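Colleague: Got a predicted structure plus its sequence, pasted below:
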Amino acid sequence: MNRILIVDDEENIRLMLRRVLSDSRYAVEEAANGQQALEKIEQGKYSVILLDLRMPEMNGLQVIEKMKEMDINTPIVMMSAYGTVPEAVEAMKSGAMDYLVKPFDLDELKMTLERIIQHNEIKNENIYYREEEDKRFNFREIVGQSSAMKRVLEMVKRVAPLPTTVLITGESGTGKELIARAIHKNSLRQDKPFVVANCVAFSPNLLESELFGHEKGAFTGANITRIGRFEIAHDGTLFLDEIGEVNLSTQAKLLRVIQEKEFERVGSSTSIKVDTRIVAATNKDLIKEIKEHRFREDLFYRINVFTIDMPPLRERLEDLPLLIQHFIKKYNQILNKRISNISSEAVSLLTSYSFPGNVRELENIMERAMIMCNCEIMDRELFFFLEQKSNSLPAGTLKTMEKEMIKKTLIQNKGNRTKTALSLGISRRSLLLKLKEFQIDIKSE
Ligand SMILES: Nc1ncnc2c1ncn2[C@@H]1O[C@H](COP(=O)(O)OP(=O)(O)OP(=O)(O)O)[C@@H](O)[C@H]1O
Ligand SMILES: [Mg+2]
């Protein structure tokens, strides 16, 4: 039987959670504050702890700290109100496994618990195996906890150790090259070269000589014999970036080297054997390219053995807080700054943006704002250049979501403005402004 501890100062929430979770699989217990929680944790072994972030006296983060001192590492799911995302990120950093934003979806809550419990079971079965695996797979620089990113990383884990050709598709800036490097780093070829060939960077003739090399005198200007990237990447990995841009005659040569594992340098008739693993990337729809006779179908089937489709950032906005923290850390170093955090207003402004340029655009936005920032906490004003862009967003969906969230919270708090503002993590003043903007008219009871 899995024991779950609910820690929340609000009785309503505890009651609600107890009601939802008290089925045959779980034994549910409660604590009304941090101190009570710690006493219970010390006495009994829990499978999961559902921990409220904001509580009077001892908050969720302090409970985690104390648990660390006690050397107890029971998985924790942080529960936090809308608007406290940076604090939730802090919680994740200090060891919480997951966080749920109130008011949360009950199915999501159950799924989160199931996932953690399963994870526990596997871990207990074979701790040694897990530790080995984590050492071998190295995704440190890849940020993402969304289910879409987890799926991507799972695929990388599976395919990396094999010699299989991989095709990475996805919009510009979604992290295709990052994933290609991760595949190499987690492969048996990790100590051999990872070579990039950007297929749009060269004219068609030059591209062939870049890929396959050329003999001295092969064409005007070929004064020396040159080895191509296929040869340099021998025993290693060749990353063919923007493969959708390769012209048809070079495609035929690529097909041959992938099939036969041999090729000739430009201007030579001697075949060279190579063992090069290929990872290709494109932001084009190759099926469409095939239909329009710009891409060879046989080559497509050769490279489309195992495809990883990178999700656009706007479809995994739950990763935004983590990515923001990641870039704050990165550019603190590069720009020699000491920025410690970002305000929740700034995060919600970023959340309302659609990021056509995906993670790369987010990175640029963060760098630009950090250059302008002379303070410790980044505020909304630093992102002024986004206001215009996000106002022109076609979808009013985010506004609608915000309105719904405020309405729900207001009802939960029986119309009490102060409590509502508190649990939304915004000031009372900005709550009142929002109520006016959204024309929400719920009277206090
Ligand atoms: N999940 C992620 N975590 C951390 N950084 C990321 C992530 N995804 C992308 N980045 C960063 O965003 C930038 C763009 O990523 P990358 O170059 O891999 O994208 P791409 O899909 O190859 O883009 P393009 O199609 O424009 O070439 C890089 O600086 C990369 O480090
Ligand atoms: Mg790229």
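Modeller: The structure has been received and is ready for your questions. Numbers count the residues shown, from 1 in each chain. Ligands and ions are numbered 1, 2, ... in the order given.

Colleague: Now tell me what touches the host helix or strand of residue 111 from outside.
Modeller: Element membership of residue 111, judged by DSSP states H and E, is helix 106-125. With Cβ atoms under 8 Å, 6 or more residues apart in numbering as the test, helix 106-125 has contacts from 2, 4, 17, 20-21, 26, 47-48, 75, 77, 97-98, 100, 130. C-beta: built from backbone N, CA, C; applies to glycine.

Colleague: Check the model's average confidence along it for me.
Modeller: Across helix 106-125, the average pLDDT comes to 74.

Colleague: With stretch 8-25 instead?
Modeller: Rounded mean pLDDT across stretch 8-25 is 85.

Colleague: still on that earlier bit, pull out the buried residues from the helix holding residue 111.
Modeller: Buried residues in helix 106-125, counted by 16 or more other Cβ atoms under 10 Å: 109, 112-113, 116-117.

Colleague: Please apply the same query to stretch 255-262.
Modeller: Across stretch 255-262, burial judged by 16+ other Cβ under 10 Å covers 255, 257-258.

Colleague: what's it in contact with?
Modeller: 165, 212, 230, 263, 271-276, 278, 296, 298-299, 302-303.

Colleague: Recalculate using a threshold of 6 Å.
Modeller: Contact with stretch 255-262 is made by 263, 271, 273, 298-299, 302, as judged by Cβ atoms under 6 Å, 6 or more residues apart in numbering.

Colleague: Which single residue in the stretch 101-250 of the chain comes nearest to ligand 1?
Modeller: Closest to ligand 1 within the stretch 101-250 of the chain is residue 175: 2.7 Å, counting by Cβ to the nearest ligand atom.

Colleague: rewinding a little: determine which two of the contacts of stretch 255-262 are furthest apart.
Modeller: Based on Cβ to Cβ, the longest span within these runs between 273 and 298 and measures 21.4 Å.

Colleague: ok, residue 431 - contacts?
Modeller: Contacts of residue 431 (Cβ under 6 Å, 6+ apart): residue 421.

Colleague: And it, which helix or strand is it part of?
Modeller: Counting by DSSP H and E, residue 431 is found in helix 428-437.

Colleague: In that helix, which residues are buried?
Modeller: Judged by neighbour count (16+ other Cβ under 10 Å), helix 428-437 contains these buried residues: 431, 434-435.

Colleague: Stretch 363-373 near ligand 1 at all?
Modeller: Yes. Against ligand 1, stretch 363-373 shows contacts by Cβ under 6 Å from any ligand atom at residue 363.

Colleague: Figure out how far stretch 164-181 is from the centre of its chain.
Modeller: Computed by Cα atoms, centre = their mean, to the nearest Å, the separation of stretch 164-181 from the middle of its chain amounts to 14 Å.

Colleague: now the end-to-end length of it.
Modeller: In stretch 164-181, first residue to last residue: 15 Å (Cα to Cα, to the nearest Å).

Colleague: Stretch 297-312 too?
Modeller: 26 Å.

Colleague: which parts of that stretch are buried?
Modeller: 299-300, 302-303, 306, 308, 310-312.

Colleague: With adjacent residues omitted, what lies nearest to residue 412?
Modeller: In space, and not counting its chain neighbours, residue 412 is closest to residue 103: 6.7 Å by Cβ to Cβ, 6 or more residues apart in numbering.

Colleague: so the one you found makes contact with residue 406?
Modeller: No. Using Cβ atoms under 6 Å, residue 103 is not in contact with residue 406; the gap is 11.0 Å.

Colleague: okay, those two: which has more neighbours?
Modeller: Legend: neighbour count by other Cβ atoms under 10 Å for residue 103 and residue 406, higher for residue 406 (22 against 17).

Colleague: Next SSE downstream of the strand or helix carrying the more buried one?
Modeller: Element membership for residue 406, per DSSP H and E: helix 397-412. Going down the chain from helix 397-412, the next helix or strand is helix 417-424, by DSSP H and E.

Colleague: what packs against that following helix?
Modeller: helix 397-412, helix 428-437 (3 or more Cβ pairs under 6 Å, 6 or more residues apart in numbering; DSSP states H and E).

Colleague: Pick out the shakiest of those helices, pLDDT-wise.
Modeller: Mean pLDDT is lowest for helix 397-412 out of the helices and strands packed on helix 417-424, coming in at a mean of 77.

Colleague: Quick check: pLDDT value at residue 227.
Modeller: The model's pLDDT for residue 227 equals 85.

Colleague: any low-confidence regions in this structure?
Modeller: The model of the chain has pLDDT under 70 over residues 24, 82-85, 119, 121-138, 388-398, 401, 425.

Colleague: and it, which residues reach ligand 1?
Modeller: Within the chain, the residues that sit near ligand 1 (Cβ under 6 Å from any ligand atom) are 142-144, 170, 172-178, 283, 326, 359-360, 363.

Colleague: out of those residues, which are buried?
Modeller: The neighbour count (16+ other Cβ under 10 Å) marks 142-144, 170, 173-177, 283, 326, 359, 363 as buried among the residues of the chain next to ligand 1.

Colleague: closest point of the stretch 201-350 of the chain to ligand 1, which residue?
Modeller: Residue nearest to ligand 1 within the stretch 201-350 of the chain: residue 283 (5.1 Å; Cβ to the nearest ligand atom).

Colleague: Report the separation between that residue and residue 433.
Modeller: Going from residue 283 to residue 433 by Cβ to Cβ, to the nearest Å gives 41 Å.

Colleague: which parts of stretch 263-278 are buried?
Modeller: For stretch 263-278, the neighbour count (16+ other Cβ under 10 Å) marks 263-268, 272, 274, 276-278 as buried.

Colleague: quick one: which two of these are the most distant?
Modeller: Taking Cβ to Cβ, no two of the buried residues of stretch 263-278 sit farther apart than 267 and 277, at 26.5 Å.

Colleague: how about the helices in the stretch 201-350 of the chain?
Modeller: Using DSSP state H, counting those that start in this stretch, the helices found in the stretch 201-350 of the chain span residues 204-212, 229-232, 248-260, 286-291, 297-303, 320-335, 344-351.

Colleague: what about residue 207, how many residues close to it?
Modeller: Residues within reach of residue 207, counting by other Cβ under 10 Å, total 21.

Colleague: returning to what we had before: could I get the contacts of stretch 255-262 as TSV with distance to residue 246?
Modeller: TSV is the format used below for the contacts of stretch 255-262 (distance: Cβ to Cβ, whole Å):
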residue	distance to residue 246
263	14
271	21
273	22
298	14
299	9
302	13
